[in-house]
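1. this one's structure only:
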């Protein structure tokens, strides 16, 4: 292994490649999630270096260089690059190097070993055609992942060229878990079995041909094992494997619903079935056509969804498969939106059944326009609020995929949804479906997109907002996105560890972690959690002093600021300043964020009125706390409203009377009546809602129609 001779002969090529890769790294510093040495950079450089290792290794083999020399220098090349990337990280970002830095060496070394092994095979098969053979192998590997993503339900992918691709970036925590270790170890082992006999052949230690074949057979066996057992090893999720995890199924002519929870009650099954039937019937009226049978998977929890499909943040749809994936708790909020994706996709002519050019503004905006419901109001209302209180935002940018993806998702979905709804109402759904299929706005509408957006923007001026609305806007749309935070992946892993400490009631250790994170990043989320850990340790005076010394008490910047004010108010009540505490919570309630938030503020006001109970929030989890409070205060509606799914008829009447001006809470009471089998009370409640909220917004009218449909389907006979 004459490394010196190799370097003298090829030093210029190696230096150019090395500088090229460093140049790419520097260029990528301008993109949010590619700034830090973590998962995203590791995936990208795994692909780049695996390609360079494959074709570069083959080139040097054809030049007569030894495989052992190429392998050793390849390893040094990767380690040198890794050290430079660490220096860049330390100098520019000062991210915690204990977090996320193992992705790069693990991914890049594994993928480069694999590529070098297949380049050696290509070299053995035929020197002249070796580059064509290697190119074909890469195409097959890439095509396999595309086919897997297309035909299987999962979002994540395992591929030897990138190792692991998560599918969506919005999950904030990715770690080197057991699946990744199994996959990388398997690839390294199998690749080593190919390289080892070839390297030995170059030395004086020749091995017998039969022994060499054993190495190759074991390598093939390892690759086959990873492939055949991929579902069991959680390296993939096939359609068959996914369905095997869903013991119950509801089937109709137009859809199949797969239920993850085998213990679901009959009434819950019927509710899910009837709600789905209603949404599909309504969508058929809107679009004027039916879709082939849709498959809906209702998963127990976010954790189960992440394990099975690779995502825990959002429900999602694969329109080309006509498959929808939701969780039990989010079913009501997202099912119509996901169904809308499938209906929209039926009029496209691309393989993925989405808007032309994968335009996220049209894909999500179109579904929002059909769904037309967000936090108890409509997207045009919130779009008008965004325009009024954040006039610097350019609506046109939300039809650019990069801007759409990197902005706060609520902004992107609401603005694009309101504009798509505007287009449908002005020009008709048929024209919008043409835009969805073609993607060329000026061709479809014979008008410039910017001009139409200006007209849409002018229409939003009909909404009027107050000073209170400006504060509400800051709560709804404030805070930082994943793309705006410093060292987001590394910091989120650290915060995850702190959350685990809180669950174990190790509050002091958690406090120290959040303090370090806050000192490093100035994140409001870290500050909020720092206050919470102090609260759990009953450091009420310390919380008050901390908040009085800064400006956090007066800030409205995302939901974190709301929680900070809540813990500040509870601390004030605990030391006897109940009047100021009540003023703070009443100010929050006056923002009218939503019915559920208003009910939560009522519960906080109850604690402020009885500060001796505040420690209940410290010593017990929320469910345990509710059980005890209900036992001691059976008539307190601010407690009952947080336990609607367990209330009896008498308790429901108390909640309805107390929250008769909160229609979305009344809606929850209606469904609880159905669960109790009290169809008479359910019918009476829906008639009251219809009478009182006949002029309510379009989103709620849809919910009233849904409630009427479900009631009609469930009750034993008409008039009961």
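-> Nice, thanks for sending it over. Since we're looking at a predicted model, the values are computed, not measured.
2. Residue 314: neighbouring residues, count only.
-> Applying other C-beta atoms under 10 Å, we find 16 residues neighbouring residue 314. All C-beta atoms are positioned from the backbone trio N, CA, C, and that covers glycine.
3. Return the residues in contact with it.
-> Contacts here follow C-beta atoms under 8 Å, 6 or more residues apart in numbering; on that basis residue 314 touches 168, 170.
4. List phi and psi for it.
-> Backbone geometry at residue 314, expressed as degrees, to the nearest 10, gives phi -130, psi 150.
5. ok, so what distance separates it from residue 155?
-> Distance of residue 314 to residue 155, given as C-beta to C-beta, to the nearest Å: 10 Å.
6. Are there residues contacting both of the two? Which ones?
-> When contacts are counted by C-beta under 8 Å, 6+ apart, the set common to residue 314 and residue 155 consists of residue 168.
7. can you tell me how far residue 392 sits from residue 551?
-> According to C-beta to C-beta, residue 392 stands 23 Å off from residue 551.
8. which secondary structure element contains residue 298?
-> Residue 298 belongs to strand 294-299 when assigned by DSSP states H and E.
9. Can you list the strands that that strand pairs with?
-> strand 255-259 (parallel), strand 323-327 (parallel) (DSSP bridges).
10. Which of residue 392 and residue 551 has more residues huddled nearby?
-> Applying other C-beta under 10 Å to residue 392 and residue 551 shows that residue 551 carries more neighbours, namely 8 against 4.
11. From the chain's centroid, how far away is stretch 74-93?
-> 30 Å (C-alpha atoms, centre = their mean, to the nearest Å).
12. how about residue 251, what does it touch?
-> Neighbour list for residue 251: residue 257 [criterion: C-beta under 8 Å, 6+ apart].
13. all helices for the stretch 401-550 of the chain, in order.
-> Remark: helices assigned in the stretch 401-550 of the chain by DSSP state H, counting those that start in this stretch are 401-406, 409-427, 429-438, 441-445, 449-459, 467-477, 488-503, 507-521, 524-536, 540-549.
14. Of the strands paired with strand 294-299, which stretch is the most buried?
-> The highest average neighbour count among the strands paired with strand 294-299, using mean count of other C-beta atoms under 10 Å, belongs to strand 323-327 at a mean of 23.
15. Touching it from outside, list them.
-> For strand 323-327, the external contacting residues (C-beta under 8 Å, 6+ apart) are 153, 294-302, 304-305, 309, 315-317, 334-335, 338-339, 342.
16. how about the spatially most central residue of the chain, secondary structure?
-> Taking C-alpha atoms, centre = their mean, the centroid of the chain lies closest to residue 313, which sits 3.1 Å from it. Classification of residue 313 using DSSP: H, G, I helix; E, B strand; the rest coil returns coil.
17. who touches it in this structure?
-> Residues near residue 313 by C-beta under 8 Å, 6+ apart: 168, 170, 171, 172, 302.
18. residues near residue 552, how many?
-> Neighbour count of residue 552, defined by other C-beta under 10 Å: 19.
19. report the angle between the axes of the helix or strand just after the strand holding residue 298 and strand 294-299?
-> Per DSSP H and E, the first helix or strand lying C-terminal to strand 294-299 is helix 302-309. Here helix 302-309 runs at 130 degrees with respect to strand 294-299, directions being taken by axes from the mean of the first three to the mean of the last three C-alpha atoms, to 10 degrees.
20. Mind giving me the packing neighbours of helix 302-309?
-> In terms of contacts (3 or more C-beta pairs under 8 Å, 6 or more residues apart in numbering; DSSP states H and E), helix 302-309 is packed against strand 294-299, strand 323-327.
21. Tabulate those strands (JSON lines), appending mean pLDDT and distance to residue 563.
-> Converted to JSON lines, the helices and strands packed on helix 302-309 look like this (pLDDT from 0 to 100; distance: least, C-beta to C-beta, whole Å):
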{"stretch": "strand 294-299", "mean pLDDT": "97", "distance to residue 563": "28"}
{"stretch": "strand 323-327", "mean pLDDT": "96", "distance to residue 563": "23"}
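22. of all the ones you listed, which lies closest to residue 264?
-> With C-beta to C-beta as the measure, strand 294-299 is the member of these nearest residue 264 (8.8 Å).
23. what does the closest one rub up against?
-> Here strand 294-299 makes contact (C-beta under 8 Å, 6+ apart) with 153, 242, 246, 254-261, 272, 276, 280, 305, 308-309, 321-328, 331, 335, 339, 342.
24. what about the chain, any weak spots by pLDDT?
-> Along the chain, segments meeting pLDDT under 70 span 1, 203-210, 694, 717-720.
25. which stretches of this structure form strands?
-> Taking DSSP state E to define them, one finds strands in the chain at 157-159, 163-165, 248-251, 255-259, 294-299, 316-318, 323-327.
26. can the ones you listed go into CSV with extra columns for distance to residue 507?
-> Formatted as CSV, the strands of the chain follow (distance: least, C-beta to C-beta, whole Å):
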stretch, distance to residue 507
strand 157-159, 38
strand 163-165, 34
strand 248-251, 41
strand 255-259, 38
strand 294-299, 32
strand 316-318, 36
strand 323-327, 30
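27. for those, which one sits closest to residue 82?
-> Closest to residue 82 of these, according to C-beta to C-beta: strand 163-165, at 15.1 Å.
28. Run a quick check on residue 485 versus residue 491, I expect a contact.
-> Yes - Residue 485 is within contact range of residue 491, at 6.8 Å (criterion: C-beta atoms under 8 Å).
29. right, and residue 234 touches residue 310 too?
-> No - checked against C-beta under 8 Å, the pair residue 234 and residue 310 is beyond contact range at 9.8 Å.
30. Of the strands paired with strand 294-299, give the one that comes closest to residue 385.
-> Nearest to residue 385 among the strands paired with strand 294-299 is strand 323-327 (27.8 Å), distances taken as C-beta to C-beta.
31. okay, now the closest residue to residue 300 other than its chain neighbours: neighbour count?
-> Distances taken as C-beta to C-beta, 6 or more residues apart in numbering place residue 260 nearest to residue 300, at 4.5 Å, with adjacent residues excluded. Residues lying near residue 260 (other C-beta under 10 Å) number 20.
32. separation between residue 260 and residue 329?
-> Distance, residue 260 to residue 329, by C-beta to C-beta: 12 Å.
33. How about residue 570?
-> 26 Å.
34. So for the two, which sits in the more crowded spot?
-> For residue 570 and residue 329, the more surrounded residue by other C-beta under 10 Å is residue 570, and the numbers stand at 22 against 11.
35. measure the more buried one to residue 25 for me?
-> 47 Å.
36. out of everything not next to it in sequence, what's closest to residue 165?
-> residue 157 (4.4 Å).
37. before we move on, the earlier item: in TSV, list the helices and strands packed on helix 302-309 along with distance to residue 144.
-> Formatted as TSV, those follow (distance: least, C-beta to C-beta, whole Å):
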stretch	distance to residue 144
strand 294-299	24
strand 323-327	20
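38. Of all those, which one is nearest residue 134?
-> Ranking the helices and strands packed on helix 302-309 by proximity to residue 134 (C-beta to C-beta) places strand 323-327 first, at 35.5 Å.
39. what number of residues lie near residue 297?
-> Residue neighbour count, defined by other C-beta under 10 Å, stands at 23 for residue 297.
40. which residues pair with it across the strands?
-> Residue 297 forms beta bridges with residue 258, residue 325, as assigned by DSSP bridges.
41. I'd say residue 336 and residue 279 touch.
-> Yes - assessed by C-beta under 8 Å, residue 336 is found in contact with residue 279 at 4.8 Å.
42. rewinding a little: and the helices of the stretch 401-550 of the chain: which comes nearest residue 685?
-> Ranking the helices of the stretch 401-550 of the chain by proximity to residue 685 (C-beta to C-beta) places helix 467-477 first, at 28.4 Å.
43. Show me the contact partners of the closest one.
-> Against helix 467-477 from outside (C-beta under 8 Å, 6+ apart): 375, 382, 385-386, 388-390, 408, 410-411, 465, 556-559, 561-562, 590-593.
44. count of residues packed around the closest residue in space to residue 81 that isn't next to it in sequence?
-> Excluding its sequence neighbours, the residue lying closest to residue 81 (C-beta to C-beta, 6+ apart) is residue 21, at 6.0 Å. Residue 21 has 19 neighbours, counted by other C-beta under 10 Å.
45. Having no further points to raise, I will conclude here.
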